[in-house]
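next input, structure requested:
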Amino acid sequence: MSAATAEPILVPREHVNDDSVFVTEWIAADGARVEAGAVVCTIETSKAIVEIEAPIAGFVRRRAQLGDEVPIGGVLGYVTATADAVLPDAEPARGDSVEPGLISAKARRKMEDLGLDPTLFAGRANVREKDVIEMASRRAAGSVPDDPRGPSRVEALSPVQRRTARVMEQSIASIPASYLERTIDLGTIRARAKTIAETSKGVVTELDLVVCAVARACLRHPHFNAHVTERYELQVFEQVNVGVAMDLEGELYVPVLKNAATKEPAAIAKELRSLLYLTQRRRLEATHLSGGTITVTSMVGRGVQRFLPIPYPQQAAIIGLADPERGTGERTALSIVFDHRVANGSAAASFLATVEELAIGA
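Predicted structure coming up:
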């Protein structure tokens, strides 16, 4: 099969407001034989994980990689008649020339390295590696001469940072959030964590106990383990999946502890250590990052006494744990930012009280 007859696997437009998606998993191996309609990969839109099917029978040839951001209508890969067929965007044997309307393989890799969006090159007959380098240089030197703020430079966000930015925008736009905080005794929670650690022969922290408490509090207050649908109905989840925010060199990851309300504190602590290990080595998979129903984030150890976290889209609440205030011993702020359509302030206050009760083991 020639490059001209390779069948592209395209990103569909699932939601009107989406400009791009993220590749979360490749089901079919590169070069694997599939039938028409077989699921070859999954993508993450602003609202859900979507399965992408092979348009025809043949051999899957990947182009987008795991974690890549691909524009709507963009090419995820191809299905060809043979496993070694030449692809439309394959790199030529010599040089870096491409046919009109195509992007060379070198150019695609350079875009990924420099964090440039392919849409910057829309309308060009062809794009080569040198074109990408020139674009990056222009953006890096892109200060406006008469800008009263003086010289500046343009820095590309990483794919993870761009994804986080889109999630935050969606959250602010869609969730009418309200904020409450409750002062709790972090020392009591730490003492209990130490006792559990000694018994279980493992590492247990105050964050582990708060995560456990949030999960179990959702069983008593199920509306905080829910979200408001586009039809203004409340979708209440039976399983509590707690996302825990983790920062890695300025990039935010939120791996998820599935069915956390059924697990003991020591088990949660062990699973969190495992997720942290995978995060630090950038080995998280799509299954680790999807399915959250409520989120916990911590600023303990960072000298921050109060902060206002942003809820994750399609969740009702995010719980924040801060450092103790100076001069207060180990009294600290336990906060909640919640969807005011789901609950009022009284219900949120009751939820925080339940979290404290469960965290200290009262």
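
show the pLDDT at residue 47.
What the model reports for residue 47 is a pLDDT of 68.

again with the one 5 residues further on
The pLDDT attached to residue 52 in the predicted structure is 93.

which residue packs closest to it, ignoring adjacent ones?
Distances taken as C-beta to C-beta, 6 or more residues apart in numbering place residue 41 nearest to residue 52, at 5.0 Å, with adjacent residues excluded. Where you see a C-beta, it was placed from the backbone N, CA and C, and this is true even at glycine.

OK, contacts around the one you found?
Residue 41 is in contact with 9, 23, 24, 25, 26, 27, 28, 51, 52, 76, 77, counting by C-beta atoms under 8 Å, 6 or more residues apart in numbering.

which stretches of the stretch 151-300 of the chain form strands?
For the stretch 151-300 of the chain, applying DSSP state E, counting those that start in this stretch gives strands covering 177-185, 226-228, 234-236, 242-244, 246-248, 251-253, 256-257, 294-298.

gap between the second one and the chain center?
Put plainly, it is strand 226-228. Chain-centre distance of strand 226-228: 19 Å, with C-alpha atoms, centre = their mean, to the nearest Å.

out of the contacts of residue 41, which end up buried?
Neighbour counting with 16 or more other C-beta atoms under 10 Å marks 9, 23, 24, 25, 26, 27, 28, 52, 76, 77 as buried within these.

list just the nearest of those to residue 345.
Top of the list for closeness to residue 345, among the buried ones among the contacts of residue 41 and by C-beta to C-beta, is residue 24 at 36.2 Å.

show residues contacting the stretch of helix or strand the closest one belongs to.
In the assignment (DSSP states H and E), residue 24 maps to strand 20-26. For strand 20-26, contacts defined as C-beta under 8 Å, 6+ apart pick out 11, 14, 40-45, 49-50, 62, 64-72, 74, 76, 159, 163, 285-287, 289-290.

of those, just the buried ones, ChimeraX syntax please.
In ChimeraX syntax, the buried subset of the contacts of strand 20-26 is picked out as below (16+ other C-beta under 10 Å):
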select :11,40,41,42,43,44,45,49,50,62,64,67,68,69,70,72,74,76,159,163,286,289,290
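
so residue 295 touches residue 311, yeah?
Yes. Residue 295 lies in contact with residue 311 (C-beta atoms under 8 Å); the separation is 7.2 Å.

what's the next secondary structure element after the lowest-mean-pLDDT helix or strand in the chain?
Lowest by mean pLDDT, DSSP states H and E among the helices and strands of the chain is strand 102-103, with a mean of 66. Sequence order places helix 105-114 as the next helix or strand after strand 102-103, per DSSP H and E.

that following helix - what's its average pLDDT?
For helix 105-114, mean pLDDT rounds to 79.

for that helix, buried residues please.
Buried residues in helix 105-114 (16+ other C-beta under 10 Å): 105, 106, 107, 108, 110, 111, 112.

ok, the residues you listed vs residue 199, which is closest?
residue 112 (47.6 Å).

quick one: contacts of the helix or strand containing residue 347?
Following DSSP H and E, one finds residue 347 within helix 345-360. Surrounding helix 345-360, the residues in contact under the criterion C-beta under 8 Å, 6+ apart are 178, 180-182, 184-185, 188-189, 192, 206, 209-210, 212-214, 216-217, 220-221, 223-224, 317, 319, 334-336, 338, 343.

hang on, residue 180 packs against residue 334?
No. Look at residue 180 against residue 334 with C-beta under 8 Å: they stay out of range, at 9.4 Å.

of the two, who's got more company?
Higher neighbour count among residue 180 and residue 334: residue 334, with 23 against 16, using other C-beta atoms under 10 Å.

residues contacting that one?
Counting by C-beta under 8 Å, 6+ apart, the residues that residue 334 touches are 181, 182, 183, 184, 210, 319, 320, 321, 322, 352, 355, 356.

restricted to helices, list the contacts of helix 345-360.
Of these, the ones assigned to helices by DSSP state H are 188, 189, 192, 206, 209, 210, 212, 213, 214, 216, 217, 220.

contacts only, for the third one.
By C-beta under 8 Å, 6+ apart, residue 192 lies in contact with 209, 359, 360, 361.

that one and residue 296, how far apart?
Here the criterion is C-beta to C-beta, to the nearest Å. By it, residue 192 lies 17 Å from residue 296.

now the fifth one
Here the distance between residue 209 and residue 296 works out to 11 Å (C-beta to C-beta).
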